[in-house]
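K.L.:
Build the 3D model from these lines:
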Amino acid sequence: MPPRPLLLTLTAALLAACQSTTITTASKIPLPAAYENAPAATQPDDISRWWRQWQDPVLDRLIARALAHNPDIAIARSRLQEARATARLADADLGPTVGLGADARRLDTNLQNPISADTRALLAQNPLAGSLRDNRLQKHADILSLGLSASWEPDLFGQKQSDADAARHAALATAEQTHAAQLLISAEIADQYHRARATEARKRAADTTIATLEKLARYIDARYRAGHTTAYEKDEIASRLSAAKAKRSTLDAEKNAAVRAIAILCGDTPQHYRLPDSPRDTLAHPPAAPRGQTPQGLIERRPDLRARAAEIQAYAAKLASAKADLLPRIKLDFLGQGVLNIDGEHALKGWVSLLTAGIQVPLYTHGRIQANIDAADARLKTALLQYDRTLLQALADVDNAYQGEAALAAQGEHLRTALKSAEQQAADAEKLYRYGNKTLAEALTARLNAVQTEEALIQNRLARAQMLTALYKALGGGWTADNASHP
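P.N.:
Presented below is the predicted three-dimensional model:
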């Protein structure tokens, strides 16, 4: 029966186990009810696979391949496996540890009998004296030992559970970082893809500009030779033509850089990688900005915010574990061992066991425990501040992207109207030229103005596509714990 002081200590520990450590982890940022620039809707649009809004099969295939083969995502998934294994290790510490051991020994003894000859003579008269009557003491034995050990530290104050919770939330944070990597990679694919398609459109516009300027240069040169114009006009056209060719010369390199970036993102070798043609003019048919999105949905969806929230819970659990160091710790140990002499009919069996229960109470640690608590508390406060900062930036990112997309959409409408007017003016100038009411220079200049407006529209479409991508990224895409791995 345990001593009375030990019983009292164990009883107090069990009563204290009913207590829990309460740690505040709430954000101090008031969440707005709605965004300033987001279009309202009864139900929010589904943005779980936002890139499909462009309805471009090539873009869909590229992002699907990147999600499956991108090296950064593979690295993030490997780190996630490590974090989950660490969480399982922390959970395993909650249970007892049991071990089984065995060893075999052979005993051979051959010693001179220290008993005097007279005594041995007397012993020889006793049939029970056995080998004590002999001049030498000899013993041969084969011994097998089996042992069972068990150790358990009851988690009366929840310290081990806090450690397991910390590891589990750290694994959740790593999972969200994996989702964030998927979001960033898919957004980068979309950005580089739109950049490549815009460069293709710019190349076509640049070729039209060069062809038109060459025709205009020939016209001016003929007029110059006829004495109807000066060298000034001739040099001016030559300068414009050279500038147009210089601008065109870098477009292939720009497209190829975007294509190589796509190859790397997809996990492919960049050399000789080719971007497939698409049946859809993606830039000319952008999707509408997602409707019905709310700040509450942002914190539930955006991976970096969810990662920050998981980190807060992990640090809160670590703080609870640090505080538990102030409380007693109880440990139970069991050791049992059996011995078997396997020498046939002389076999002997034996068993011995030992059960111990111990308690350890920290009395003086030279401030170590309190310093650990203070450090854990500071880490938790830092995590809360980082969450608040990330939330503020996320809210601003969404409204910035919404406002930027709306402004670019309005600009695009004006540019489309301007392009329509410029193309009509160019067509009218060509008709007037054929009927002798306009010069060829005037007709070609009108065509150049139309191409220049078209180039501005291409730039607008690229900027809008990039802004839409930034908007979907700011909203967090569609990765959740249940919807994170499949394209």
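K.L.:
What separation is there between the nearest residue to Thr282 once chain neighbours are set aside and Thr174?
P.N.:
Spatial nearest neighbour of Thr282, excluding adjacent residues (CB to CB, 6 or more residues apart in numbering): Asp56 at 4.6 Å. For the C-beta atoms, the positions are set from N, CA and C on the backbone; glycine is no exception. For Asp56, the distance to Thr174 (CB to CB, to the nearest Å) stands at 32 Å.
K.L.:
same thing with Leu67?
P.N.:
18 Å.
K.L.:
Check Ala470 too.
P.N.:
25 Å.
K.L.:
cool, and Pro295?
P.N.:
Distance, Pro295 to Thr174, by CB to CB: 25 Å.
K.L.:
the more surrounded of these two?
P.N.:
A direct count of neighbours by other CB atoms under 10 Å for Pro295 and Thr174 places Thr174 higher, at 22 against 19.
K.L.:
so who does the more buried one touch?
P.N.:
Ala76, Arg79, Leu80, Ala83, Arg84 (CB atoms under 8 Å, 6 or more residues apart in numbering).
K.L.:
Mind checking what helix or strand follows the helix or strand bottoming out on mean pLDDT in the chain in sequence?
P.N.:
Lowest on mean pLDDT, DSSP states H and E among the helices and strands of the chain sits helix 4-16, with a mean of 46. For helix 4-16, the following helix or strand on the C-terminal side (DSSP states H and E) is helix 57-69.
K.L.:
what comes into contact with the helix or strand just after that following helix?
P.N.:
Remark: after helix 57-69, the chain's next helix or strand is helix 71-92, criterion DSSP H and E. Outside helix 71-92, the residues that touch it by CB under 8 Å, 6+ apart are 66-67, 160, 163-164, 166-168, 170-171, 173-175, 177-178, 181-182, 185, 267.
K.L.:
again with stretch 430-445
P.N.:
Contacts for stretch 430-445 (CB under 8 Å, 6+ apart): Thr212, Lys215, Leu216, Tyr219, Ile220, Ala426, Ala429, Ala446, Arg447.
K.L.:
if we go to 10 Å?
P.N.:
Here stretch 430-445 makes contact (CB atoms under 10 Å, 6 or more residues apart in numbering) with 212-220, 222-223, 229, 233, 237, 425-429, 446-447.
K.L.:
need the helices for the stretch 51-200 of the chain, in chain order.
P.N.:
With DSSP state H, counting those that start in this stretch as the criterion, the stretch 51-200 of the chain has helices at 57-69, 71-92, 117-124, 159-225.
K.L.:
got the buried residues for stretch 334-344?
P.N.:
Phe334, Leu340 (16 or more other CB atoms under 10 Å).
K.L.:
Where does pLDDT dip in the stretch 1-150 of the chain?
P.N.:
Across the stretch 1-150 of the chain, the ranges flagged by pLDDT under 70 are 1-23, 118, 120, 123-125, 127-135, 137-138.
K.L.:
Spell out the secondary structure type for Pro290.
P.N.:
coil (DSSP: H, G, I helix; E, B strand; the rest coil).
K.L.:
Once you drop chain neighbours, what's closest to it?
P.N.:
Asp45 is the one closest to Pro290 (CB to CB, 6+ apart), at 4.3 Å.
K.L.:
Now for that neighbour, how many residues are close by?
P.N.:
Count around Asp45 with other CB under 10 Å applied: 17.
K.L.:
That one contacts Gly292, correct?
P.N.:
Yes. Between Asp45 and Gly292 there is a contact at 6.0 Å, judged by CB atoms under 10 Å.
K.L.:
if we can go back for a sec, need the helices of the stretch 51-200 of the chain in a markdown table with distance to Arg248, can you?
P.N.:
A markdown table is the format used below for the helices of the stretch 51-200 of the chain (distance: least, CB to CB, whole Å):
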| stretch | distance to Arg248 |
| --- | --- |
| helix 57-69 | 25 |
| helix 71-92 | 34 |
| helix 117-124 | 119 |
| helix 159-225 | 4 |
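K.L.:
hey, which of the ones you listed is tucked in deepest?
P.N.:
Of all the helices of the stretch 51-200 of the chain, helix 159-225 has the most neighbours on average by mean count of other CB atoms under 10 Å, namely a mean of 20.
K.L.:
Just after that one, pick out the following helix or strand.
P.N.:
The helix or strand immediately downstream of helix 159-225 is helix 231-249, counting by DSSP H and E.
K.L.:
circling back: between the helices of the stretch 51-200 of the chain, which one is nearest to Leu457?
P.N.:
helix 159-225 (9.1 Å; CB to CB).
K.L.:
still on that earlier bit, now the residue nearest to Pro290: how far from Ala410?
P.N.:
21 Å.
K.L.:
what does Thr294 give?
P.N.:
Relative to Ala410, Thr294 is positioned 24 Å away (CB to CB).
K.L.:
Looking at those two, which is more packed in?
P.N.:
Between Thr294 and Ala410, Thr294 has the larger neighbour count (other CB under 10 Å), namely 17 against 10.
K.L.:
Over to that one: give its phi and psi.
P.N.:
phi -130, psi 160 (degrees, to the nearest 10).
K.L.:
Could you list the low-pLDDT ranges of the stretch 251-400 of the chain?
P.N.:
Along the stretch 251-400 of the chain, segments meeting pLDDT under 70 span 342-349.
K.L.:
about what we covered before: can you redo the contacts of Thr174 as JSON lines with distance to Gln360?
P.N.:
Below are those laid out as JSON lines (distance: CB to CB, whole Å):
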{"residue": "Ala76", "distance to Gln360": "41"}
{"residue": "Arg79", "distance to Gln360": "36"}
{"residue": "Leu80", "distance to Gln360": "36"}
{"residue": "Ala83", "distance to Gln360": "31"}
{"residue": "Arg84", "distance to Gln360": "32"}
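K.L.:
that's a strand at Tyr273, yeah?
P.N.:
No. Read with three-state DSSP, Tyr273 is coil and lies in no strand.
K.L.:
Count the neighbours of it for me.
P.N.:
Other residues close to Tyr273 by other CB under 10 Å number 14.
K.L.:
which non-adjacent residue is nearest it?
P.N.:
Per CB to CB, 6+ apart, closest to Tyr273 is Ala263, 3.8 Å.
K.L.:
Toward the C-terminus, what is the element adjacent to the helix or strand harbouring Ala427?
P.N.:
Secondary structure from DSSP H and E places Ala427 in helix 368-434. Once the chain leaves helix 368-434, the next helix or strand it forms, by DSSP H and E, is helix 440-475.
K.L.:
So which bits of that next one are buried?
P.N.:
Buried, per 16+ other CB under 10 Å, within helix 440-475: 440-441, 443-451, 453-458, 460-475.
K.L.:
just stretch 284-291 next, same as before
P.N.:
Buried-residue list, stretch 284-291, by 16+ other CB under 10 Å: Pro286, Pro287, Ala289, Pro290.
K.L.:
and those as JSON lines, adding distance to Ile330?
P.N.:
Below are those laid out as JSON lines (distance: CB to CB, whole Å):
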{"residue": "Pro286", "distance to Ile330": "66"}
{"residue": "Pro287", "distance to Ile330": "62"}
{"residue": "Ala289", "distance to Ile330": "60"}
{"residue": "Pro290", "distance to Ile330": "56"}
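K.L.:
coming back round to it: any idea which of the contacts of Thr174 is the one closest to Ala396?
P.N.:
Of the contacts of Thr174, the one sitting nearest to Ala396 (CB to CB) turns out to be Ala76, at 26.0 Å.
K.L.:
Relative to Thr212, how far out is that closest one?
P.N.:
50 Å.
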